[in-house]
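Enquirer: how does the following fold in three dimensions:
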Amino acid sequence: MTIGFGVLGEIQARSEGAAVDLGPARQRSVFAALVVDINRTVPVEVLVDRVWGLRPPQRAKPTLYSYVSRLRQALDTVMDEASAETGPSIARRPAGYVLLADPGTVTVDVHLFRDLAGQAGATDDPRAAALFERALGLWRGEPFAGVDTPWFNSLRESLLAERHACWLDRNDVQLRRGHHGLLLPELAACHDTHPLDERLAAQLMLALYRSGRAADALRCFEQVRRALAKELGSDPSDELRRLHQRVLVNDPDIAAPGMAPTTALAVTGTTAPATVAPAAVTTAPAASAPASVPAAGLPSSSDRTVPRQLPAASRWFTGRQRELAELDKVLRPTGRPGDAVPVCAVSGSGGIGKTSLAVHWAHQNTDRFPDGQLHVDLRGFDPSADPLASATAIRVFLDALGVAPGSIPVDQEALAGLYRSLVADRRMLIVLDNAVDAAQVAALLPGTAGCAVLVTSRRRLTGLAVTHGAHLLPLDMLSVSESRELLGRHLGEDRLAAEPEAVTAVLEHCTGLPLALSVVGARAAAGTGFPLAALAEELHDESARLDALDAGDLSANVRAVCRVSYRALGDGAAEVFRLLGAAAPGPEIGLPAAGSLLGRPVTAARAALRELETVHLVQQPVPGRYRMHDLIRLYAAERAALDQREESRARALRRVMDFYLHTAYAGDRVLSPLRHHHMELEPPVDGVIPQPMTDQGAVLAWFRAEHTCLVAAQRLAERNGWDVLVWQFARVLDGFLWRQGRLDDLVALWRTGLAAAERHGEGGARAWAHRRLAHAWARLGHHDDALRHGESALAAAEEAGDLAEQARIHDVVAWSWARQGDDRQALAHVRHTLRLQRLGHDPVATANALNAVGWYEARLGEYEQALAHCEEGLEIQGRHGFRDGEACTLDSLGFIAHAAARHDEALAYYRRARALFHDLGNLYEEANTLASLGDVHLALAQPDEARHNWQRAVTLYHAQHRAEDARRLQDKLSRPPR
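Expert: All right, here's what the predicted structure looks like:
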């Protein structure tokens, strides 16, 4: 049995050529950490450090043991009976774990690479060349691809340096053997990405000289000299300067074996490189040559290649009809001289389907481009390779266009000129996939309008729009229907119909990311007996969700895709990214909150968020608010655990919690300045700048934007055991949710607040929480729940001796009795309220109680007393500027006037009440007043106005989930007008 372990690329194990399932990325990293030291014991602490870095999770060791157990099972599954005793296995030793393997049957690519390179350095050139090629052929990409911890990163850099040295040694051997022509394209491409590597430059100069391109060799030296001076402030080495001199004097000793010295140059040793004649191959045919005769190595116009480089289209491509139509509209080359080249840059997060869209559209539109299609992967965000140099991409295109390797210029300007010349009179589509930035793309744009360019990138290439008029086409997540269609393409409709609940869960957890949906689809399709529900269960666990979205290689691994974008960030943006995952409570964040999260000025937060937005790690759905996709958020939290100190995360969390609490408290006081809700808050910690709250309209807008984050902040406080904060968040959110009619949210908010108050043991807090729950349940029509919480609230308030709180509780209990139809009981309770409030000498609270008494008296037909109480209350409320109370009392007066058949007076009261409720953002009471207005209009024989107001009320009732109230009005609307 032949078994191979590989780390020079993706981490893998193969048995008889078949891949062994090593599990998710973290588990594979455990395997790699053992493979590197195969047959040597690795202590547990060392393994933890290698796999998780300096800040491992609390349960790192139990998790490690679980990974080792699964790896053992994976290795056992590929062992036949004959090899069960001698095959590789993971053994426990007192000091740690060891991966045992027989060197005769198990190969490890990294160790084999080093052995082959060492042998090559100690033998003759023909054998060395073969050994070097074998060694380099073991590399499949970046070592430990998809793994990102300090230990692996350090070892990766070391191995890449070893590979580069091996490659350079191979080049020396091949140059000695006279294979300069074969090496030239590879050397030129590598020089583009390593312009300061003098050994590489020497090899390229020698290959150019031996290919009859001495002028290009001298030009290469000049490029290196300028680069060294600019970047390092140094001159070329003595060795490189000597080679330069030997090229200048046409030294026969540097000619290729068996080859006469080149005669391309006739210069003296004192001639400066700037005076050297150009190489024989230029970017266009020589002026003296007939137009039909191409320059050496260039294709003629009658025999030119028509490249068809498009990769295969994806069979899973789904949706994107709007984007396809937009591409149809934008990518229409005119071919007219002077017109701009149509360029469209498709951008979006990793795994969102940019390449699939581009390739799908390109295949559908090949008839627009009869002279061919060029395609190159620019590797801008590649998990296992560096971005492709623009010059290298041009060489790929020139090769596709039929230019002989020896005729491709080295100078980048000459390269670009030749490329543009060859496509100038053609109608071609150029697909530049996975671009890193606008500069990389700009060098690849043709100069004439017969071509069209389709670019994909994770970056929003705004610079390309500014400089070249590119049309920017951002991609968003798939809709729910498109997501279901994509999953159905993988699994078939019958499979989806058989597990509807699992399908719903999968769609919810993948949140429209095509890569995530395709990974789930591929995993589920791998075995017909594999239930989708099992995958849905994996996805449900946030801590394991990214593991579940790993199909075993880097192109099908959501974590690896996120990692590439993360590595492209600057330090400031990377910190914001981590903290958004670890400390931001809600699904999105406003700019002021982000500033406090960071503990920096808003300007610094804006710059970092702009960088994240540019690479689509966050979106800005509305100005000043930023949203992170759920799966990206999970990865950000992982990075925070790995790269951010726990104390730093804790400080950031406290800052953002303080921002939300203090800003919400200030806003609540603006909305209800006379309510009894004063709280003693701890001062915000350093770095927090609460948002100013002065204007009521702005406050309501802020609460509407932030209420989801505020609820999430309360839950986060609960998870951290911060009971006082839990209770305080309930207090500051209560008024807004009440105004919006979000009764279900209020119940959830105060259940959490009550639990915290009971844990904290403060009687006043318990009374308040029970009272607010009683009120919400009463409004929802849950009489028993309302009375139960009302009784508990009264007991707590009496224990605390708080008369004002007792008064408010009686008011709430009255509401519950009224919902049950017992207005007499309700009136008795609000009379208790009035008595207690008068004892407290609080005029506003007394006015509210007067209105409550008047309301229930009116309900019982006691209109004179009701009118007197309400008018007294309205006068006090107006005197103290309590607009909330005024609106409620005006509504009561409208009810009294309507009952007394004073309909015009009732309309006036109700209209004033509705206008106040609307201005105050009290949608709950506004809906009730609209319903009452409809009733008055009906009494005035104005059915159209009645129906108009009822319909507006129904809309608000539905938005507030008040089904019974909506049904009551729908019954009225269903009756014929009269």
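
Enquirer: could I get the pLDDT score of Glu85?
Expert: For Glu85, the model assigns a pLDDT of 61.

Enquirer: ok, then the element right after the helix-or-strand element of the chain with minimal mean pLDDT?
Expert: Lowest on mean pLDDT, DSSP states H and E among the helices and strands of the chain sits strand 18-19, with a mean of 83. Next in sequence after strand 18-19, counting helices and strands by DSSP states H and E, comes helix 25-36.

Enquirer: now stretch 744-755: buried residues?
Expert: Within stretch 744-755, the residues scored as buried using 16 or more other C-beta atoms under 10 Å are Asp745, Leu746, Val747, Ala748, Leu749, Trp750, Thr752, Gly753, Leu754. Where you see a C-beta, it was placed from the backbone N, CA and C, and this is true even at glycine.

Enquirer: no no, stretch 869-887
Expert: Buried, per 16+ other C-beta under 10 Å, within stretch 869-887: 869-874, 876-877, 882-887.

Enquirer: quick check: closest non-adjacent residue to Val410.
Expert: Leaving out its chain neighbours, the residue that sits closest to Val410 by C-beta to C-beta, 6 or more residues apart in numbering is Asp216, at 4.6 Å.

Enquirer: that neighbour: how many residues sit nearby?
Expert: Neighbour count for Asp216, taken as other C-beta atoms under 10 Å: 28.

Enquirer: from here on, call the first residue 742.
Expert: Noted, 742 is the first residue going forward, which turns the last one into Asp957.

Enquirer: the helix or strand harbouring it packs against which elements?
Expert: Taking DSSP H and E as the definition, one finds Asp957 inside helix 955-972. Secondary-structure packing of helix 955-972 (3 or more C-beta pairs under 8 Å, 6 or more residues apart in numbering; DSSP states H and E): helix 939-951, helix 979-989.

Enquirer: for Lys1095, find the nearest of the ones you listed.
Expert: Between Lys1095 and the helices and strands packed on helix 955-972, the tightest spacing by C-beta to C-beta is seen for helix 939-951, at 33.2 Å.

Enquirer: other SSEs contacting that closest one?
Expert: Applying 3+ C-beta pairs under 8 Å, 6+ apart, one finds that helix 939-951 makes contact with helix 891-917, helix 921-934, helix 955-972, helix 979-989.

Enquirer: which helices and strands sit right next to the shortest one?
Expert: Using 3+ C-beta pairs under 8 Å, 6+ apart, the elements in contact with helix 979-989 are helix 939-951, helix 955-972.

Enquirer: measure the closest residue to Asp1152 other than its chain neighbours to Val988 for me?
Expert: Spatial nearest neighbour of Asp1152, chain neighbours left out: Arg960 (5.6 Å); criterion: C-beta to C-beta, 6+ apart. Arg960 sits 11 Å away from Val988, going by C-beta to C-beta, to the nearest Å.

Enquirer: ok, these two, which is more surrounded?
Expert: Val988 (25 against 22).

Enquirer: for the more buried one, give me its contacts.
Expert: Met946, Tyr950, Ala955, Ala958, Leu959, Phe962, Ile995 (C-beta atoms under 8 Å, 6 or more residues apart in numbering).

Enquirer: now stretch 1340-1357: how far from the chain's centre is it?
Expert: Offset of stretch 1340-1357 from its chain centre (C-alpha atoms, centre = their mean, to the nearest Å): 14 Å.

Enquirer: sorry, slip of the keys, the one I care about is stretch 1066-1084.
Expert: 32 Å.

Enquirer: list the buried residues in it.
Expert: In terms of neighbour count (16+ other C-beta under 10 Å), stretch 1066-1084 has its buried residues at Glu1067, Leu1068, Leu1072, Pro1074, Val1082, Pro1083, Val1084.

Enquirer: just the ones of these in helices?
Expert: Glu1067, Leu1068 (DSSP state H).

Enquirer: which of the buried residues of stretch 1066-1084 scores worst on pLDDT?
Expert: Pro1074 (88).

Enquirer: that residue reaches Gly1191, doesn't it?
Expert: Yes: Pro1074 lies in contact with Gly1191 (C-beta atoms under 8 Å); the separation is 5.5 Å.

Enquirer: now for these two: what residues contact both?
Expert: Joint contacts of Pro1074 and Gly1191 (C-beta under 8 Å, 6+ apart) are Arg1168.

Enquirer: what residues sit buried inside stretch 1147-1161?
Expert: For stretch 1147-1161, burial by neighbour count (16+ other C-beta under 10 Å) applies to 1147-1152, 1155-1161.

Enquirer: if you could redo that for stretch 1305-1316, that was the one I meant.
Expert: Neighbour counts over stretch 1305-1316 (16+ other C-beta under 10 Å) mark Val1305, Ser1306, Tyr1307, Ala1309, Leu1310, Ala1314, Ala1315, Glu1316 as buried.

Enquirer: for the fifth one, give me its contacts.
Expert: The one in question is Leu1310. Per C-beta under 8 Å, 6+ apart, neighbours of Leu1310: Phe1318, Glu1352, Leu1353, Val1356, Leu1358.
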